[in-house]
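# Need coordinates for the following:
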Amino acid sequence: MTVHVTMLPAAIPPGIESSNRVVSYEDRDAVRYRYLLHDSGALVVRRTKHDEETVTEVVYGPSAWEGVQGDGSIQPHM
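Below is the predicted model:
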């Protein structure tokens, strides 16, 4: 499932229109995205390609994002 991350206004890089605060990671034919919410508040977006190992696409610190939609879970406390 595609993952949509809503960024906090202060976390949007210069030069990017602040009215578009949603960053999307779109599923494609052989690529799927999921997210994990770490107990620290970090948001981890993971990418899985067909027949390959799942890898981390991006990590957003707790002060960078305010919402997420898509297929995800909470990472168990280690």
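# Show me how far stretch 51-69 is from its chain's centre.
Centroid displacement of stretch 51-69 relative to its chain, using C-alpha atoms, centre = their mean, to the nearest Å, is 3 Å.
# And for it, what's in contact with it?
3-8, 10-11, 25, 33, 35, 37, 40-48 (C-beta atoms under 8 Å, 6 or more residues apart in numbering). Every residue, glycine included, has its C-beta placed from N, CA and C.
# repeat that for 7 Å
3-8, 11, 25, 33, 35, 40-48 (C-beta atoms under 7 Å, 6 or more residues apart in numbering).
# where are the low-confidence patches of this structure?
By pLDDT under 70, the weakly predicted segments of the chain are 74-78.
# center of it, which residue is that?
Geometric centre of the chain, nearest residue: residue 45, 3.7 Å, by C-alpha atoms, centre = their mean.
# quick check, that residue in a strand?
Yes. Counting by DSSP: H, G, I helix; E, B strand; the rest coil, residue 45 is located in a strand.
# mind listing what it touches?
3, 25, 33, 35, 57-58.
# hmm, 6 Å instead?
For residue 45, the contact set (C-beta atoms under 6 Å, 6 or more residues apart in numbering) comprises 3, 25, 35, 57-58.
# Which members of these occur in strands, if any?
3, 25, 35, 57-58 (DSSP state E).
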